[in-house]
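Trainee: Quick one, fold the following:
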Amino acid sequence: MLPEKTDTRWNRLVTGQQNYRLQTVPASMLLSRIVRSVQADNSPENIQRCIEEAHSFFMRYEAILDRDIKTIFGA
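Mentor: Coordinates of the predicted model:
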């Protein structure tokens with residue numbers, strides 16, 4: 001199950017503070033794009049937008065991203 005968007009792990013994910021080796025290509029591509037976006041604009045508004053986008057993506061595809069979710073957020 002995904003943590004709430006307010007969980008600090010989302011912030012670490014989108015800011016690239018922690019690197020993850022993801023199994024699925026779409027998740028890796030999304031994460032790379034989001035981290036680049038935050039590097040270009042690290043305003044709180046952009047970080048929140050990126051968290052929203054990542055959360056929505058992982059929520060929508062939760063069933064097929066199970067291993068990546070466990071990698072990022074734990075069991």
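Trainee: for Thr8, what are its contacts?
Mentor: By C-beta atoms under 8 Å, 6 or more residues apart in numbering, the contact list for Thr8 is empty. In short, each C-beta sits where N, CA and C put it, glycine included.
Trainee: Torsion angles phi and psi at it?
Mentor: As for Thr8, its main-chain torsions (degrees, to the nearest 10) stand at phi -60, psi -20.
Trainee: so where is the protein shaky, pLDDT-wise?
Mentor: 75 (pLDDT under 70).
Trainee: what about 90?
Mentor: 1, 18-19, 75 (pLDDT under 90).
Trainee: need the helices for it, in chain order.
Mentor: 8-15, 25-40, 44-60, 66-73 (DSSP state H).
Trainee: Identify whichever of those helices lies nearest to Met1.
Mentor: Closest approach to Met1 among the helices of the chain (C-beta to C-beta): helix 66-73, 8.5 Å.
Trainee: Which secondary structure elements does the closest one sit against?
Mentor: Counting contacts by 3 or more C-beta pairs under 8 Å, 6 or more residues apart in numbering; DSSP states H and E, helix 66-73 packs against helix 8-15.
Trainee: thought Asp68 was touching Pro26?
Mentor: No. Contact criterion C-beta atoms under 8 Å: Asp68 and Pro26 do not qualify, at 9.7 Å.
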